[in-house]
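# Model the following, please.
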Amino acid sequence: MKASHSQAKLAAEVSAPVPANVQFALYAVLLGGFFVAALWRPPAAIAAVLCLYGLKQWGQTSNGWLAAHSSFTNFAIGAVVLVALASRVARSKCILCNIRGAGWVVIALYGYCLLSLIWTPRPDLALAMWASAAPYVITGILLAPLVIGDADDLYQACWILLILGGTLVVALLAFAKWGERGLLISGFSPTSDMETNPLAIANLGGAVATAAMFLRTRLLPAASWLVRLGLVAAALALVVKTGSRGQLVTVIATLVLMLPVAFPISRIRGLIPIFMAVAVVGMAAQYSAQTLIKRDDDRWSQRDTVAAASERWRMGSLLLSHWADSPATVVFGLGNSAAYDPEIIGIYPHDVPVEVLGEEGLVGLAIYLSLNGLALRGFLRSWRVTRDNPQQRPLLAVAAANFVFAWVTTFKEGNMVPAVEYFMAAILLARMPELLAARTAPTAATPATIAVAPPRPLFANIMR
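Residues are numbered from 1 along each chain as shown. Have a look, this model is predicted:
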């Protein structure tokens with residue numbers, strides 16, 4: 001099996017659809033596009049963060065220097081976020097005003113995680129993890145949401161994600177050098193195992209799929225709808241190509257679940273796009289499975305799926321068994337990153353809620369549940385407001401779909417601290433009622449509210 005894998009990688013390297021210099025040129029164009037967009041439209045910072053991992057991996061597969069300096073893209077996207085914030089401040093718009101309830105809850109959760117490093121069993125491992133995750137936390141969770149002040153800002157962010165992120169999705173699917181599941185890193189032998197993280201690419205596909213499915217435009221609406229459906233199909237194919245089972249199931253379920261939010265099901269006119277969208281999703285998933293999944297790929301077998309779920313259950317059980325050892329750890333937790341201790345698991349448990357309970361205890365779980373409660377309340381309030389507003393419903397569907405997709409995937413992968421997509425989506429969904437209200441509120445006094453002075457006498461000097 002190893003030999004066949006190596007041969008497949010070699011074939012991918014040799015048959016790369018476009019030269020490496022062309023791939024690098026696209027990387028430069030996309031990164032420059034984010035900088036220009038951040039100056040022109042500061043909400044581009046949100047799209048840049050969501051595209052960070054996909055753009056980083058595209059650079060790693062196209063250029064040896066970027067492969068050797070993988071953190072360059074991280075700092076470049078961080079600079080994009082800073083440019084966006086500076087552009088917003090230059091327009092005399094407050095950024096600290098955009099820290100609302102959900103933002104403070106996230107800050108409280110991270111603050112408690114840092115406090116728990118005092119009693120974590122392996123502070124050396126914990127500090128190393130925090131050092132690597134800090135740029136993502138600062139850029140994606142603390143800074144990027146500050147560029148969103150109203151619904152128009154969020155709408156612009158989604159469209160920039162659709163344009164630049166959609167271009168990246170198509171490029172990754174059609175022109176990248178693929179290994180078994182991830183991209184082949186430039187500068188390494190095709191027979192090596194140096195591949196990028198496939199789950200990060202799958203998350204990009206999920207984010208782009210939700211924006212493409214629900215966003216609307218008044219410019220050529222029919223043609224735009226067909227193009228966006230094609231992009232949904234491409235994003236789903238990308239998820240399948242990465243072999244990410246959980247992301248595929250989650251994004252399909254999320255898209256179908258949010259269709260009634262975006263389109264009115266009580267009208268025939270609303271049912272037509274729903275039927276079209278469901279048909280496209282189904283056909284894209286079936287076609288991608290038939291063409292991109294190898295017959296001998298055990299990842300898609302029931303046996304491998306059950307084995308992966310059992311391993312996650314085992315890791316979560318180990319963590320929680322240590323958590324339940326004493327009343328103190330039950331309440332306050334074992335300490336952040338305690339799961340990295342070889343005597344507990346030796347790695348994170350691949351289940352964020354279980355990780356929060358085990359490492360931050362009931363205190364951390366209460367904060368975590370509060371954040372999810374705020375996100376749910378934001379959705380329900382926004383749903384009531386937008387029920388009769390066909391212009392705002394699609395935006396709510398995108399925000400809710402991004403949250404659901406990011407939240408569900410935290411039950412199967414990753415650890416809490418660098419879970420940028422989840423926390424950013426939760427903050428934005430919790431703020432949706434405020435963002436929609438800011439969009440619909442009048443920006444200037446209406447004629448009815450302007451005080452009208454009494455008519456002046458025709459001959460004012462004579463009347464003195």
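# where does this structure have its least confident helix or strand?
helix 2-14 (a mean of 42; mean pLDDT, DSSP states H and E).
# So for the helix or strand just after that helix, mean pLDDT?
Going down the chain from helix 2-14, the next helix or strand is helix 20-40, by DSSP states H and E. Average pLDDT, helix 20-40: 94.
# buried ones in helix 20-40?
Residues 23-24, 26-27, 30-31, 33-35, 37-38 are the ones in helix 20-40 that count as buried (16 or more other Cβ atoms under 10 Å). Every C-beta, even on glycine, is put in place using the N, C-alpha and C of the backbone.
# quick check, nearest of the residues you listed to residue 170?
residue 26 (10.4 Å; Cβ to Cβ).
# Would you confirm that the closest one contacts residue 58?
Yes: when contacts are counted by Cβ atoms under 8 Å, residue 26 is listed as touching residue 58 (7.4 Å).
# which residues do these two both contact?
residue 171 (Cβ atoms under 8 Å, 6 or more residues apart in numbering).
# quick revisit: for the buried residues of helix 20-40, name the two members farthest from one another.
23 and 38 (23.2 Å).
# Packing partners of the longest helix anywhere in the chain?
Longest helix of the chain, by residue count under DSSP state H: helix 352-386. Judged by 3 or more Cβ pairs under 8 Å, 6 or more residues apart in numbering; DSSP states H and E, the packing partners of helix 352-386 are helix 101-115, helix 302-323, helix 327-332, helix 393-409, helix 420-430, helix 432-440.
# what's the closest of those to residue 347?
Ranking those by their distance to residue 347 (criterion: Cβ to Cβ) puts helix 302-323 first, at 7.4 Å.
# Could I get the buried residue list for the closest one?
Neighbour count says helix 302-323 has 312, 315-316, 318-319, 322-323 buried, by 16+ other Cβ under 10 Å.
# Just give me the least confident of these.
Lowest pLDDT among the buried residues of helix 302-323: residue 312, 89.
# Work out for me the element the residue lying closest to that residue once chain neighbours are set aside sits within.
Computed as Cβ to Cβ, 6 or more residues apart in numbering, the closest residue to residue 312 that is not its neighbour in sequence is residue 350, at 5.0 Å. Per DSSP H and E, residue 350 falls between elements, in no helix or strand.
# and residue 350, how far is that from residue 113?
18 Å (Cβ to Cβ, to the nearest Å).
# Neighbour count: these two, which is higher?
Shown here are residue 350 and residue 113; by other Cβ atoms under 10 Å, residue 113 has more neighbours (23 against 20).
# so what's the more buried one up against?
Counted by Cβ under 8 Å, 6+ apart, residue 113 has contacts 336, 359-360, 364, 416-417.
# try 6 Å
residue 336 (Cβ atoms under 6 Å, 6 or more residues apart in numbering).
# From residue 312, how far off is it?
Using Cβ to Cβ, residue 113 is found at 21 Å from residue 312.
# same deal with residue 62?
Note on residue 62: its distance to residue 312, by Cβ to Cβ, is 33 Å.
# cool, residue 107 as well?
For residue 107 relative to residue 312 (Cβ to Cβ), the value is 29 Å.
# got a pLDDT number for the residue nearest to residue 210 when sequence neighbours are not counted?
Spatial nearest neighbour of residue 210, chain neighbours left out: residue 401 (4.0 Å); criterion: Cβ to Cβ, 6+ apart. Looking at residue 401, its pLDDT is 96.
# Okay, now the unreliable bits of this structure?
Applying pLDDT under 70 to the chain flags residues 1-17, 187-193, 220, 266-271, 292-302, 439-464.
# Tell me how far the residue nearest to residue 210 lies from residue 90.
Taking Cβ to Cβ, one finds residue 401 at 32 Å from residue 90.
# And residue 383, by the same measure?
Distance from residue 383 to residue 90, by Cβ to Cβ: 35 Å.
# which one of those two has more residues nearby?
Applying other Cβ under 10 Å to residue 383 and residue 90 shows that residue 383 carries more neighbours, namely 16 against 10.
# From residue 209, how far out is the more buried one?
21 Å.
# and what of residue 83?
27 Å.
# Pick out whichever of those two has more residues nearby.
Remark: of residue 83 and residue 209, residue 209 carries more neighbours, 30 against 20, as counted by other Cβ under 10 Å.
# Give me the spatial nearest neighbour of the more buried one, chain neighbours excluded.
Spatially, and ignoring its direct neighbours in sequence, residue 209 is nearest to residue 235 (3.8 Å; Cβ to Cβ, 6+ apart).
# same deal with residue 237?
Using Cβ to Cβ, 6+ apart, the nearest residue to residue 237 is residue 288, at 4.2 Å.
# Mind checking what secondary structure the one you found has?
What DSSP: H, G, I helix; E, B strand; the rest coil gives for residue 288 is helix.
# Next, the contact list for it, please.
Residue 288 is in contact with 236-237, 240, counting by Cβ under 6 Å, 6+ apart.
# related to what we said a few turns ago, quick check: phi and psi on the residue nearest to residue 312?
phi 60, psi 30 (degrees, to the nearest 10).
# Just confirm it contacts residue 313, I think it does.
No: the pair residue 350 / residue 313 is not scored as a contact, 10.1 Å apart, by Cβ atoms under 6 Å.
# So what's the residue count around the residue nearest to residue 209?
Neighbours of residue 235 using other Cβ under 10 Å come to 30.
# Repeat that for residue 211.
Per other Cβ under 10 Å, the neighbour tally for residue 211 reads 29.
# ok, now residue 408?
18.
# do the same with residue 92
6.
# That one belongs to a strand?
No: Residue 92 is assigned coil when assessed by three-state DSSP, not a strand.
# what ranges do the helices span in the stretch 101-250 of the chain?
With DSSP state H, counting those that start in this stretch as the criterion, the stretch 101-250 of the chain has helices at 101-115, 123-136, 151-160, 166-175, 198-214, 221-241, 245-262.
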